[in-house]
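Novice: Got a sequence here, can you build the structure:
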Amino acid sequence: GLRAEGAAALAKALETLSQVTTLDLRLWNNDLGPEGASALAKALQQLRQLTTLTLQLGNSGLRAEGAAALAKALETLSQVTTLDLRLWNNDLGPEGASALAKALQQLRQLTTLTLQLGN
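Specialist: Prediction:
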């Protein structure tokens with residue numbers, strides 16, 4: 001799998017794509033862990049033109065820490081209108097779910113949401 005190291009390398013490349021408006025990342029089953037999620041979250045914060053985001057990180061060991069990092073990034077993406085967030089089987093717990101819920105409340109332009117968090 002990709003693991004945290006691969007996610008960090010990918011994130012470094014993503015940070016440079018400041019004009020991207022649509023991003024579709026399907027990285028499920030890759031053992032990214034909280035570290036990989038944090039690296040991707042940091043990159044997402046640089047993509048201020050994003051209007052459509054698909055983030056499928058199911059079964060990647062994100063835990064609450066990874067969900068919190070992603071939530072922080074989502075809060076900065078105020079222009080997103082379409083969000084497909086699939087984080088199933090990641091042991092997010094109540095803390096991770098709460099962080100994501102808070103972030104979603106900040107997405108005032110959001111018109112379409114797909115959310116999958118179950119185990």
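Novice: so what's the residue sitting nearest the centre point of the chain scoring on pLDDT?
Specialist: Nearest to the mean C-alpha position of the chain, counting by Cα atoms, centre = their mean, stands Leu70 at 4.6 Å. On pLDDT, Leu70 comes in at 98.
Novice: before we move on, what about Leu47?
Specialist: On the pLDDT scale, Leu47 is placed at 97.
Novice: show me what contacts the closest residue to it other than its chain neighbours?
Specialist: Nearest residue to Leu47, sequence neighbours excluded (Cβ to Cβ, 6 or more residues apart in numbering): Val20, at 5.7 Å. Heads up, the C-betas are built off the backbone N, CA and C, glycines and all. With contacts defined as Cβ atoms under 8 Å, 6 or more residues apart in numbering, the neighbours of Val20 are 47, 49-50.
Novice: that older thread, just say helix, strand or coil for the residue nearest to the centre of the chain.
Specialist: helix (DSSP: H, G, I helix; E, B strand; the rest coil).
Novice: Chain neighbours aside, what residue packs nearest to it?
Specialist: Leaving aside its chain neighbours, Leu70 sits nearest to Ala41 (5.0 Å; criterion: Cβ to Cβ, 6+ apart).
Novice: For the helix or strand hosting Ala11, list every residue counted as buried.
Specialist: Taking DSSP states H and E as the definition, Ala11 sits inside helix 3-14. Within helix 3-14, the residues scored as buried using 16 or more other Cβ atoms under 10 Å are 4, 6-8, 10-11, 14.
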